[in-house]
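In: Dropping a prediction and its sequence here:
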Amino acid sequence: MNDYLDKILRGQPINYEAFLKKLPDSFRRRHRELFAAEKVKTNRWLVTILDESAFAELQDVAQTPVSRLDAAKKGNSHRHGTEVSFLLVYHQGLASSRPDVVVIGSESVDIGFQRARSVLVVENERNFFQYAQMLDFASETLGKRLAFSECDVLLGGGNRVTRGAILDWLKGYEEVFCAFDYDAGGLQMFSTVAASLGDKATFVQPSDWQPWLGRFRKLPDTTERFTRAISLAEGHGLMALAEAFRATGKFMEQEMILDE
C-alpha cells in the first residue's frame, strides 16, 4: 500500500485496479470521491488526489496495523498504536552542524528544544544541510527576513511531512514555509500540506522566474507528469511557475537553488 501511495504522490502511474483492491473498505467505497484515474498504458493509470485530507488519513492507516492481531501477523503485536516518526531539525539552540531529532509517537512528542514561531521545510538533504543559505533564499523570495532565531529548518524529503502525525505537529507553528522541488512531486507534497495546514502553509518560490529558467534541467518522466505539474501549480495560483514549466518543458530540482 505504501508503495502505491508514494507513487501517487510522485505522479507515477500505478496499477489502479490492484490499488483499489488493497484499499480499506471505507476508502474503497468512496474512491471516486478521493481519486481521479487516467489510463496511460496497459494496466497503468495516472492518479490524481481529489481529497487531500482523506489521502493523509489513508497514509496513516497504511502505516499503522489495524489491530494487534494484524500486527502480530506482521511479526510484532506491539507495533499497533505505537507508530513513531522521526524528524531532523536545525534550530537556534544547536552547538554544532548536527541537527536535532524530534520523535513523534501516537500519543506523545519528544522534543528537546523550544521551537520557533515559524519553520522552513526543505525537501532535499543537501539543501537542508546548507540551511543558512536556504533561509537566505526563502527570505529573498518571500520579501521578508527569516531569522534563524524565529525559524526552525526541518528535513521533509521522501514525502515524510505528508504523514498525518507530522502534519498535526506542524500545526503548532504559526507559519510553515515549504521549499520543495519545482516538479509534480514537490507540488503534490505542498497540496497535501496545504490541505491540512491551510493558510499557514506557503510555497517558497522566486517572485520572478525569468532569471531561473536556465536551471530547469530535469525532463519529466512522462507527459502526464508534466501536465500534472502545470495543473497543480495553477490550482495553487502559482501561475508564473506554470508558465516556467511551459517555457522550458522541464522541471527544476531544489539542488539548483544553491548552484552558483
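Out: Received, thanks. Everything quoted here is computed from the prediction, not taken from an experiment.

In: List the residues that contact the residue sitting nearest the centre point of the chain.
Out: Nearest residue to the geometric centre of the chain (C-alpha atoms, centre = their mean): Met189, 3.1 Å. Residues in contact with Met189, defined by C-beta atoms under 8 Å, 6 or more residues apart in numbering, are 9, 123, 156, 159, 161-162, 178, 180. Where C-beta positions appear, they are placed from N, C-alpha and C, glycine not excepted.

In: Could you identify the most distant pair in these?
Out: The largest separation in those, counting by C-beta to C-beta, is between Leu9 and Cys178 at 14.0 Å.

In: what kind of secondary structure is Ala165 in?
Out: The three-state label for Ala165, taken from DSSP: H, G, I helix; E, B strand; the rest coil, comes out as helix.

In: distance of it from Glu107?
Out: According to C-beta to C-beta, to the nearest Å, Ala165 stands 10 Å off from Glu107.

In: Mind checking which of the two has more residues around it?
Out: Just comparing Ala165 and Glu107: by other C-beta atoms under 10 Å the higher neighbour count belongs to Ala165, 19 against 6.

In: State the pLDDT value of that one.
Out: Ala165 is assigned 87 on the pLDDT scale.

In: Let me know whether it touches Ser106 as I believe.
Out: Yes. Look at Ala165 against Ser106 with C-beta atoms under 8 Å: they come within range, at 7.2 Å.

In: intersection of neighbour lists for the two?
Out: Listed as contacting both Ala165 and Ser106 by C-beta under 8 Å, 6+ apart are Glu83.

In: Local confidence estimate at Asp152?
Out: As predicted, Asp152 sits at a pLDDT of 97.

In: cool, the one 5 residues further on as well?
Out: With respect to pLDDT, Gly157 has a value of 81.

In: secondary structure class for it?
Out: Going by three-state DSSP, the secondary structure assigned to Gly157 is coil.

In: Pull the contacting residues for the residue nearest to it when sequence neighbours are not counted.
Out: Excluding its sequence neighbours, the residue lying closest to Gly157 (C-beta to C-beta, 6 or more residues apart in numbering) is Glu123, at 5.0 Å. Contact partners of Glu123, counting by C-beta under 8 Å, 6+ apart, are 156-157, 179-181, 186, 189, 254.

In: Gly185 now?
Out: Gly185 makes contacts with 9-11, as judged by C-beta under 8 Å, 6+ apart.

In: how does it look with 10 Å?
Out: 6, 9-12, 123, 159, 225, 228-229, 232, 251 (C-beta atoms under 10 Å, 6 or more residues apart in numbering).

In: what's downstream of the helix or strand where Thr202 lies, the next helix or strand?
Out: If you go by DSSP states H and E, Thr202 is part of strand 201-203. Scanning forward in sequence from strand 201-203 by DSSP H and E, the next helix or strand is helix 223-235.
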